[in-house]
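no sequence on hand, only this structure:
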C-alpha cells in the first residue's frame, strides 16, 4: 500500500512540476551580461530588455537593438518548484531575411527566487548572453 501511495505522489508531483511548461511567459530585465564560453562575465550593459514566450514563438527585445523573433522547435522542462527551482530549455529558429540563427534559451530558477535567462547561438558559440529577471510572469 505504501508503494502505491508513493507512486501516486511521485506521478502527481511530476504533473505539477511540468504544469508550468506550457504557459506563456514574460520576462523583463534591466541588465544584460555578456559571457565567455566558461561563463565568466565579459561585459555588463544597463538596458531594459524583455523576452516573451508564447505557445510556439519566442520574441526577444534586447535593449535598443532590433526585436528578434523566432519559432520554438523543442522544449525540455523540469521544475521542482515552479519558477523557483528548476529550468526550461527552449530551442528556436530565428530568421531575419537570409540570416537564420539557431537559438538555445535556458530559463533557470535560483535559490533567491530570481529567474535567469541564458541565450546561446549555435552558429556563434562564443556569444552567450544572460539576463536576470526583474519581473517574471505568466500571461494569457
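The structure has been received and is ready for your questions. Keep in mind that this is a model prediction, so the values were computed, not measured.

helix or strand right after the lowest-mean-pLDDT helix or strand in the chain?
For the chain, the helix or strand with the lowest mean confidence is helix 2-19, at a mean of 38 (criterion: mean pLDDT, DSSP states H and E). Using DSSP states H and E, the next helix or strand after helix 2-19 towards the C-terminus is strand 24-35.

other SSEs contacting that next one?
strand 41-53, strand 115-121, strand 124-132, strand 135-139 (3 or more CB pairs under 8 Å, 6 or more residues apart in numbering; DSSP states H and E). Heads up, the C-betas are built off the backbone N, CA and C, glycines and all.

contacting residues around the residue lying closest to residue 91 once chain neighbours are set aside?
The shortest distance from residue 91 to any non-neighbouring residue, by CB to CB, 6 or more residues apart in numbering, is to residue 74 (4.1 Å). The neighbours of residue 74, taking CB atoms under 8 Å, 6 or more residues apart in numbering as the test, are 89-91.

for these, which single residue is the most surrounded?
residue 90 (21 neighbours; other CB atoms under 10 Å).

buried ones in the helix or strand hosting it?
Here residue 90 sits within strand 85-96, counting by DSSP H and E. In terms of neighbour count (16 or more other CB atoms under 10 Å), strand 85-96 has its buried residues at 86-88, 90-92, 94.

ok, now stretch 24-31?
Quick answer for stretch 24-31 (16+ other CB under 10 Å): 25-29.

can you check stretch 44-63 too?
49-53, 58, 60-62.

roughly how far apart are the closest residue in space to residue 52 that isn't next to it in sequence and residue 33?
Nearest in space to residue 52, with sequence neighbours left out and distances taken as CB to CB, 6+ apart, is residue 59 at 4.6 Å. For residue 59, the distance to residue 33 (CB to CB, to the nearest Å) stands at 20 Å.
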